[in-house]
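Novice: build me a model:
(chains A and B)
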2 protein chains.
Amino acid sequence: MAAPTDFLNYIDSNKDSFIDRLAKAVEIPGVSGDPARREDVFRMGDFLDAELKKYGVETKRVDIGTHTMEGEQLKLPPLVLGRIGNDSSKKTLLIYGHFDVQPAFKSDGWKYEPFKLTREDETGKLYGRGSTDDKGPIMGWVNVLEAHSKLQKPLPVNIRFCFEGMEESGSEGLDEFILEEVKKQDSWFKGVDAVCISDNYWLNTRTPCLTYGLRGIAYYKLNISGPGADLHSGVFGRMVHEPMTDLVLLMSKLVDQNGKILVPGVDEMVAPADAEEQAIYERLDYSIEDVETSAGAAIALSDNKAEVLMGRMRSPSLSLHGIEGAFYGVGAKTVIPAKVGGKFSIRLVPPQTPDNITPLVEKYLNAEFKKLGSKNKMNVEYLHGGKPWVEDHKHWSYEAARRATETIYKQTPDYTREGGSIPVTLTFAEALGVNVLLLPMGRGDDGAHSTNEKLDISNYIEGTKLLGTYLYEVEAGTKA
Amino acid sequence: MAAPTDFLNYIDSNKDSFIDRLAKAVEIPGVSGDPARREDVFRMGDFLDAELKKYGVETKRVDIGTHTMEGEQLKLPPLVLGRIGNDSSKKTLLIYGHFDVQPAFKSDGWKYEPFKLTREDETGKLYGRGSTDDKGPIMGWVNVLEAHSKLQKPLPVNIRFCFEGMEESGSEGLDEFILEEVKKQDSWFKGVDAVCISDNYWLNTRTPCLTYGLRGIAYYKLNISGPGADLHSGVFGRMVHEPMTDLVLLMSKLVDQNGKILVPGVDEMVAPADAEEQAIYERLDYSIEDVETSAGAAIALSDNKAEVLMGRMRSPSLSLHGIEGAFYGVGAKTVIPAKVGGKFSIRLVPPQTPDNITPLVEKYLNAEFKKLGSKNKMNVEYLHGGKPWVEDHKHWSYEAARRATETIYKQTPDYTREGGSIPVTLTFAEALGVNVLLLPMGRGDDGAHSTNEKLDISNYIEGTKLLGTYLYEVEAGTKA
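Specialist: Here you go, the predicted model:
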């Protein structure tokens, strides 16, 4: 075992004070999406900065400018950078996390005050906004630093920290900073060998996981317009080409009931899983029942677990989100909407990118629209997108995380790919050209972004040990 | 010619004072849909009541109770009933109109103050909310009464009036009143031989018309639900049956690009037009260009005028209005909506009724949904509806209106059926069991319900003559 016993013992012995640390963090309601709470995001940055400094980390706050939110010009919260260790014989890891949180109001249905950490000893849970997303993980790193500082042990690796305060609001300013910073001679990221991010979750409530992939996305708006203004269906029904009739037919040709994408070439771009990859999905500790419990209904596309999980993790998917410009209210309005925009998006996996998918979508929809013989006008608008990311999960950083997980949790981790996206992952991977590991602390039922967000005490404490142990396993696995 | 010259001359000579009368009416902003304007609707009822009394009409105001609007308990405006003439040797006509109006704000894009009648002499138009819908026609009747009163001429028919103040807000309380009233021994509607309603418009700007049909409607909500709550498309895309995928496919199977209704049995229920009926549509003074001008784009379903007009007037139509519960905003939300309701309605023509159409819709959608093999839940909700109405347009009342039109406008009127519905028409037809004539005063471009609603001075003045002449033609055509 690579991690020293005194480190692990220190974590166990200081459980209550670590929970106090998380409680102090949760009490600062740094909601990045609420202009009225912006100064709390700054306060949370100050708190984190002070905690890092306390344990020997050299820090730097980076002003990344201003932005406009709800018509108000606001200062963006600073990035809090940190560095500790400069031993060229050691690996250098970059740790990313975020100190802002989602909004929360008790009246939304919280059992407890959301901005007060409530410890429920009978269930072993810590309730509070940010407990798992992402204050638990970042305080976990601070706990590791404290242990080494108090035990006067040098860290087994050099660490660079990059913490942001706008993750819940589109990470404004972060990509620009990273892309500029890496160009510098004395870049803060100089010498980084691998990146570790703790900002996602286990698949379930039982099995730790390492996450090595994220889907990308390409989001489209399919516009159909006809009449000069909305028309009355009594007067114009069966006299004119109605945009909704065209739109609904085209949208029905995008994806079938089994999730198969009907745009030619999209599904075909992805090679089937080989036996080794297939085995990963069969091994995952996640059942059809888990899928249906989290979806809230027995609506899984198949009874085959591996197939369903591959649908989420290694296949593209196409979802129809809604229609802009049509009647959406309650009641019964007899309108023929003049201009409607169907919203849909495709989740992407390698080698798909918005750039190679968009021409397929446009070509197909143009051809299908032509077949309709409609006199309406159609165009496909690409709204936004991002590339998928899949990492080498046999890299030494993943191997270190696997061994650390086996040590702390006595379990081999699940190897997962996530269906959603964490854009900074790809930015780091591309800008630094190094391996990125997603090493979650919390469980699949933590309810990040929901009411009653929680972090299990065991995940917080064992997770802190996991982070520290991972550092030792990196050292052990990369020693010459 | 049945109408006496002194009557026609009186109308011409008093043009300015008739416009003043309409101006006084337009200045009372009786918007029935705005609780803050409710007392103005009452004031408008008072004004109309006083005008009727001035010219010898016995009136009665009927309190039809209260209702709730925007959470407020409000008194419904009274019905203003009137009667003049009780000569059993004459026919008795029931005249319907409404004295409430649609909302209007100058800031919506009006050229002039909407609640001030603006006379544009260079174009011969009278602008103002209610000018054509429906204050012009009801003041037209008052003008006819004034002429006979001032000329001390007896009216050629007995008249009963029924004016309401809630037409623009669902005619609340009216049907109930009519259905109760006709049961009474001394019913206000006793002895009525025919009904005349001036509350619709010419097809175009050139040719007067008589309207003998209205389509009915059956409005549905097709509900599909699956997940317990909205899901994230990154996490759940291609794992679960998505309600939107099912809904959009089912909606695409309701109507095709040519307006053909795909629900089996619906189109088939309507017999094709025979040669005589076909000829009516070919004669109508309405071109494909007129259709496309009013729709604001070149989107007519066909180049064949009769076919397009039959689509509106004598065929059922199915329009897709929108989706409740899906993403409808601007931007790019990556939601899998949990519960969506597709709104669509079918305009009905005889022998179709909501009662005979709904089972066809339900059977078809249930069968189509079953084919999908989806694990989501589906149900079809009937929201509201009304039966279609088609009248005998060779009845003496229509013949009288035709001759009156030929006298005043020197044109044979178009015989039209309207695509929309005026529910009180059917109520009168069924409750009284007499012929109902729709005799419009305004033109197809008057913009009832729109900004810059107007009535041409010529339509107001010639229309007043038309209403009076119609009474004389009724007398002439029904004399023993």
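
Novice: chain center to stretch A:232-245, what's the gap?
Specialist: In this view, stretch A:232-245 has its centroid 43 Å away from the chain centroid, taken as CA atoms, centre = their mean, to the nearest Å.

Novice: oops, could you answer that again for stretch A:90-104 instead?
Specialist: Counting by CA atoms, centre = their mean, stretch A:90-104 is centred 12 Å from the centre of its parent chain.

Novice: so how far is the first residue of that stretch from its last?
Specialist: 42 Å (CA to CA, to the nearest Å).

Novice: list the contacts of the residue nearest in space to the middle of chain A.
Specialist: Residue closest to the mean C-alpha point of chain A, counted by CA atoms, centre = their mean, is A:Ile422 at 3.8 Å. Contacts for A:Ile422 (CB atoms under 8 Å, 6 or more residues apart in numbering or on different chains) come out as A:Ile197, A:Asp199, A:Asn200, A:Leu214, A:Leu438. Placement of C-beta: from N, CA and C, glycine included.

Novice: check what pLDDT it gets.
Specialist: If you check A:Ile422, the pLDDT there is 84.

Novice: residue of the stretch 251-400 of chain A closest to chain B, please.
Specialist: Residue of the stretch 251-400 of chain A nearest chain B, by CB to the nearest CB: A:Gly296 (1.9 Å).

Novice: for the nearest residue to that residue once chain neighbours are set aside, report the pLDDT, please.
Specialist: With CB to CB, 6 or more residues apart in numbering or on different chains as the criterion, A:Gly296 has its nearest non-adjacent residue at 1.9 Å, and that residue is B:Gly228. The confidence metric pLDDT takes the value 91 at B:Gly228.

Novice: next, B:Gly228: secondary structure please.
Specialist: Under DSSP: H, G, I helix; E, B strand; the rest coil, the three-state class of B:Gly228 is coil.

Novice: put the alpha carbons of stretch A:45-56 into CSV.
Specialist: The C-alpha coordinates for stretch A:45-56 follow below in CSV (Å, rounded to 0.1, in the frame of the first residue of the first chain):
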residue,chain,number,x,y,z
GLY,A,45,-12.9,32.4,-3.2
ASP,A,46,-11.3,34.3,-0.3
PHE,A,47,-12.2,31.4,2.1
LEU,A,48,-10.6,28.8,-0.3
ASP,A,49,-7.6,31.0,-0.9
ALA,A,50,-7.0,31.3,2.9
GLU,A,51,-7.4,27.6,3.5
LEU,A,52,-4.9,26.8,0.8
LYS,A,53,-2.4,29.3,2.1
LYS,A,54,-2.8,27.9,5.6
TYR,A,55,-1.3,24.7,4.5
GLY,A,56,1.6,26.0,2.5
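
Novice: can you point out the buried residues in it?
Specialist: Neighbour-count burial for stretch A:45-56 flags A:Gly45, A:Phe47, A:Leu48, A:Asp49, A:Glu51, A:Leu52, A:Tyr55 (criterion: 16 or more other CB atoms under 10 Å in any protein chain shown).

Novice: gap between A:Gly447 and chain B?
Specialist: Remark: distance between A:Gly447 and chain B (CB to the nearest CB, to the nearest Å) = 12 Å.

Novice: what separation do you get for that residue and A:Ala295?
Specialist: 15 Å (CB to CB, to the nearest Å).

Novice: the more surrounded of these two?
Specialist: Legend: neighbour count by other CB atoms under 10 Å in any protein chain shown for A:Gly447 and A:Ala295, higher for A:Ala295 (22 against 18).

Novice: quick one, what contacts the more buried one?
Specialist: When contacts are counted by CB under 8 Å, 6+ apart, A:Ala295 touches B:Gly226, B:Pro227, B:Gly228, B:Leu231, B:Phe236, B:Met239, B:Val240.

Novice: A:Thr405 too?
Specialist: A:Thr405 makes contact with A:Pro208, A:Leu210, A:Gln411, A:Thr412, A:Pro413, A:Leu466 under the criterion CB under 8 Å, 6+ apart.

Novice: again, 10 Å this time
Specialist: Residues in contact with A:Thr405 (CB atoms under 10 Å, 6 or more residues apart in numbering or on different chains) are A:207-210, A:411-414, A:439, A:462, A:466, A:469-470, A:473.
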